[in-house]
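Peer 1: Fold the following, please.
(2 chains, ligands or ions: 2)
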Amino acid sequence: MNLLLGSLTIGLILSLLGLGVYISFKIFSFADMTADGSITLGGAVAAVLLVSGVSPVAATLTATGAGLLAGLVTGLLHTRCRIHPLLSGILTMTALYSVNLRVMGKSNISLMSTQTLADTAEQLCTPFFGTGGNVLLLGWQVATRDLSVLLATLLLVLLTCLLLYLFFRTNLGTTMRATGDNPQMVRAQGTDTGLMITLGLALSNGLIALSGALLTQYQGFSDVQMGIGMLVWGLASVIIGESLVRGGRLGLAICGVLIGSLLFRLLVAIALRFGLNPNDLKLITALCVFGALVLPGWLSSLTSRNMGGRHA
Amino acid sequence: MLEITSYSKTFHAGTPNEVKALEQISLTVQNGSFVVVIGTNGSGKSTLLNAVAGTFLPDQGQILLDGHTITNWSEHRRAKLIGRVFQNPFSGTAPGMTIAENLAMAARRGRFPSIRWALGHHLLDECRDRIRTLRMGLEDRLDTAIGGLSGGQRQALTLLMATWQRPALLLLDEHTAALDPRSAERIIELTNEIVTKNKLTTLMVTHSMHQAANLGDRLIMMHKGEVVKDSSGADKQRQRPDDLLACFDQLRRREMLDESAAEMLREQYV
Ligand SMILES: Nc1ncnc2c1ncn2[C@@H]1O[C@H](COP(=O)(O)OP(=O)(O)OP(=O)(O)O)[C@@H](O)[C@H]1O
Ligand SMILES: [Mg+2]
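Peer 2: Ligands and ions are numbered 1, 2, ... in the order given. As a prediction, the model looks like this:
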């Protein structure tokens, strides 16, 4: 049960990464490599601020802001300096590796003895669960801390999803979506598509950094390596979500990312539980993304071929 | 008023692929004038419209529109003044978004997108009213994604979007070329209706001699990046499709003469 709670929490936290990747990759069709750097940046900024005594909420918000800036840089590299999307992201990501080391001052920071959002969540939930340390959930003994953190994360993520959904229904959000859909049309309606892309990447990386900040506080440490391969992780959530929730409607797509992220994390937890070597995790992730990308196409071509055969 | 002064544009200058797409074009279009532009393939019609819309910047020359010198304005800045319908029905609308969302963007053309609700009740009512004027039954499908509509329906919506706010200039580049004859007919009717009702200053490119003869109050023929014929008033009204075809033939014959003359010179001197 504790394993389940843990993977649900991480799945929720990483769904913010998934949403960020969804914005850059799906809405803007921009393969933004900044993600690996900005998730670490979020973790690094949050950790440093927390250790120096800043309140967890302020530290998390500042970390998000740092991510926004990283996205802004990638956006400006692409739209103002006309650098290829992939390369703009790689440049920022590479630069961020050094920035993150500078920010942290060393390669990892422990938050074991620091007040984090996890502690805040636990305190907020004390009135409901008491201070016993354990509560009975569906017949299982679970730590109140784990349960509180899960509930708080769930609330935060749902709120973010709702805000994101509402934002994409405003004039600015609509124009951003249109920019990914048909930039020529957006220019013909008098909007600078470069600006929309830049703002969109800022938003995307802000979410990713928020995800990093939460992950750091949940794990209790920040590590300069923690971002490696995270983009693919986010992609996996997006693609799994997409194959589950078809239709392309905005609200559904956001739910899809959320579900995709949770599901993927659960699968990974189960695989690890049954003895998967953690070193193989990235390989498995890549294979999963490959499968999710290719299988639907194969399946539909198979079924259509069968149907064609029946018709003949 | 649109005023183009000695505008030149060369693509791939200094390479073997050099194309002089526009050569020292000067053109003045009075307010409310509906100009039809014809010419052979590659004569520079689209380039002329793109030059005005700001798809690229000129090598030389100036453009004045509605009292602004827009020569160095970016494309999106010019869009405040210019409404456009493209040849490709896919170009003018965002396919993944609904009819209402597309129209909402047109309703705010030229203003920075705000963080306000994009689809208010007021706007939806206005959308319905305006779409009704298209008489295509789309007013009940505001929530349909544009990607599911036919080319003709999309062009009609693009036309509506381009003229939602009265543009100082309307640019139509073969906007019926990709449509079946009946849809094309319908779009032309709508175009004429909207342009004459609102007295819009319009540049329309077409390959249909029928359209060229029957629409507009001025006719321009382009050839090799230059304006070779410009008729307006009674002269324009007198032109029949056959006269225009004869014009094309004349150009072609002159060109062949040029070529055979060149051939002759080459044989004699090379
Ligand atoms: N972006 C571009 N880059 C390079 N060459 C171009 C570009 N746009 C136009 N040209 C060239 O300029 C010339 C004029 O093209 P343009 O598209 O204006 O012709 P058109 O009169 O619109 O022809 P059509 O009737 O076929 O649409 C052509 O030779 C074309 O190849
Ligand atoms: Mg053309």
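
Peer 1: pLDDT weak spots in the stretch 101-250 of chain A?
Peer 2: Low-confidence segments of the stretch 101-250 of chain A (pLDDT under 70): A:131-132, A:247.

Peer 1: check contacts around the closest residue to ligand 1 within it.
Peer 2: Residue of the stretch 101-250 of chain A nearest ligand 1, by CB to the nearest ligand atom: A:Q184 (13.5 Å). Bear in mind the C-beta positions are built from the backbone N, C-alpha and C, glycine included. Shown in contact with A:Q184 (CB atoms under 8 Å, 6 or more residues apart in numbering or on different chains): B:F86, B:S91.

Peer 1: Now do the strand or helix carrying it: distance to the chain's middle.
Peer 2: Using DSSP states H and E, A:Q184 falls within helix A:183-188. Taking CA atoms, centre = their mean, to the nearest Å, one finds the center of helix A:183-188 at 29 Å from the center of the full chain.

Peer 1: following that helix, which helix or strand comes up?
Peer 2: helix A:193-219.

Peer 1: I'd like the distance between B:T176 and ligand 1.
Peer 2: In this view, B:T176 and ligand 1 are 13 Å apart by CB to the nearest ligand atom, to the nearest Å.

Peer 1: Could you tell me how many residues sit around the nearest residue to that residue once chain neighbours are set aside?
Peer 2: Excluding its sequence neighbours, the residue lying closest to B:T176 (CB to CB, 6 or more residues apart in numbering or on different chains) is B:A184, at 3.8 Å. Residues lying near B:A184 (other CB atoms under 10 Å in any protein chain shown) number 20.

Peer 1: so B:A184 sits right up against B:E174, yeah?
Peer 2: No. If you go by CB atoms under 8 Å, B:A184 and B:E174 don't touch, sitting 10.2 Å apart.

Peer 1: Export the helix holding A:Q184 to CSV, keeping only CA atoms.
Peer 2: Output in CSV follows, covering the C-alpha atoms of helix A:183-188 (Å, rounded to 0.1, in the frame of the first residue of the first chain):
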residue,chain,number,x,y,z
PRO,A,183,0.9,30.0,-37.6
GLN,A,184,0.1,31.6,-40.9
MET,A,185,-3.5,32.2,-39.8
VAL,A,186,-2.3,33.7,-36.5
ARG,A,187,-0.1,36.1,-38.2
ALA,A,188,-2.9,37.0,-40.6
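
Peer 1: Check which residues of it are buried.
Peer 2: By neighbour count on 16 or more other CB atoms under 10 Å in any protein chain shown, the buried set for helix A:183-188 is A:P183, A:Q184, A:M185, A:V186, A:R187, A:A188.

Peer 1: what residues are up against the third one?
Peer 2: Right, the one you point to is A:M185. A:A178, B:S91, B:G92, B:T93, B:A94, B:N102, B:M105.

Peer 1: Strands of the stretch 151-300 of chain A, start to end?
Peer 2: Counting by DSSP state E, counting those that start in this stretch, one finds strands in the stretch 151-300 of chain A at the ranges A:221-223.

Peer 1: That one against chain B: which residues are in contact?
Peer 2: Applying CB under 8 Å from any CB of the partner chain, we find that the stretch 151-300 of chain A lies next to chain B at A:167, A:169-175, A:177-178, A:181-182, A:184-193, A:248.

Peer 1: Out of those, which end up buried?
Peer 2: Among these, the ones that count as buried (16+ other CB under 10 Å) are A:169-175, A:177-178, A:181-182, A:184-193.

Peer 1: which residues of chain A fall in helices?
Peer 2: Under the criterion DSSP state H, chain A contains helices at A:2-21, A:34-51, A:56-79, A:85-104, A:117-129, A:144-167, A:171-181, A:183-188, A:193-219, A:230-244, A:250-273, A:281-311.

Peer 1: out of these, deepest packed?
Peer 2: A comparison of those by mean neighbour count, using mean count of other CB atoms under 10 Å in any protein chain shown, puts helix A:34-51 on top with a mean of 30.

Peer 1: From the contact counts, what lies against that one?
Peer 2: Packing partners of helix A:34-51 (3 or more CB pairs under 8 Å, 6 or more residues apart in numbering or on different chains; DSSP states H and E): helix A:2-21, helix A:56-79, helix A:85-104, strand A:108-110, helix A:193-219, strand A:221-223, helix A:230-244.

Peer 1: Now do stretch A:256-271, average pLDDT.
Peer 2: Average pLDDT, stretch A:256-271: 91.

Peer 1: so how far is it off the chain centroid?
Peer 2: For stretch A:256-271, the distance to the chain centre is 12 Å (CA atoms, centre = their mean).

Peer 1: and what of stretch A:244-255?
Peer 2: The answer for stretch A:244-255 is 17 Å, by CA atoms, centre = their mean.

Peer 1: now swap in stretch B:199-217 and tell me
Peer 2: Taking CA atoms, centre = their mean, one finds stretch B:199-217 lying 10 Å from the centre of the chain it belongs to.

Peer 1: burial of the residue nearest to B:N192 when sequence neighbours are not counted, as a residue count?
Peer 2: In space, and not counting its chain neighbours, B:N192 is closest to B:L215: 6.1 Å by CB to CB, 6+ apart. Neighbouring residues of B:L215 were enumerated by other CB under 10 Å; the total is 20.

Peer 1: B:M204 is in contact with B:L215, correct?
Peer 2: Yes. At 7.0 Å, B:L215 and B:M204 qualify as touching, with contact defined as CB under 8 Å.

Peer 1: Show me the common contact partners of these two, please.
Peer 2: Counting by CB under 8 Å, 6+ apart, the shared contacts of B:L215 and B:M204 are B:F34, B:V36, B:T191.

Peer 1: For the second one, which three-state class applies?
Peer 2: What that stands for is B:V36. Classification of B:V36 using DSSP: H, G, I helix; E, B strand; the rest coil returns strand.

Peer 1: Then B:H207?
Peer 2: coil.

Peer 1: Does B:G92 belong to a helix, a strand or coil?
Peer 2: Assignment for B:G92 (three-state DSSP): coil.

Peer 1: about what we covered before: okay if I get the helices of chain A as JSON lines plus distance to B:A156?
Peer 2: Converted to JSON lines, the helices of chain A look like this (distance: least, CB to CB, whole Å):
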{"stretch": "helix A:2-21", "distance to B:A156": "36"}
{"stretch": "helix A:34-51", "distance to B:A156": "41"}
{"stretch": "helix A:56-79", "distance to B:A156": "33"}
{"stretch": "helix A:85-104", "distance to B:A156": "34"}
{"stretch": "helix A:117-129", "distance to B:A156": "53"}
{"stretch": "helix A:144-167", "distance to B:A156": "31"}
{"stretch": "helix A:171-181", "distance to B:A156": "19"}
{"stretch": "helix A:183-188", "distance to B:A156": "15"}
{"stretch": "helix A:193-219", "distance to B:A156": "25"}
{"stretch": "helix A:230-244", "distance to B:A156": "32"}
{"stretch": "helix A:250-273", "distance to B:A156": "25"}
{"stretch": "helix A:281-311", "distance to B:A156": "33"}
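
Peer 1: B:L157: which of those is closest?
Peer 2: Among the helices of chain A, helix A:183-188 comes nearest to B:L157, with 10.9 Å by CB to CB.

Peer 1: quick revisit: and the furthest pair within the contacts of A:M185?
Peer 2: Most distant of the contacts of A:M185, by CB to CB, are B:S91 and B:M105, 14.3 Å apart.

Peer 1: So these two - more neighbours on which side?
Peer 2: Per other CB under 10 Å, whichever of B:S91 and B:M105 has more neighbours is B:M105, with 25 against 18.

Peer 1: which SSE is that one in?
Peer 2: Residue-wise, B:M105 maps onto helix B:99-107 under DSSP H and E.
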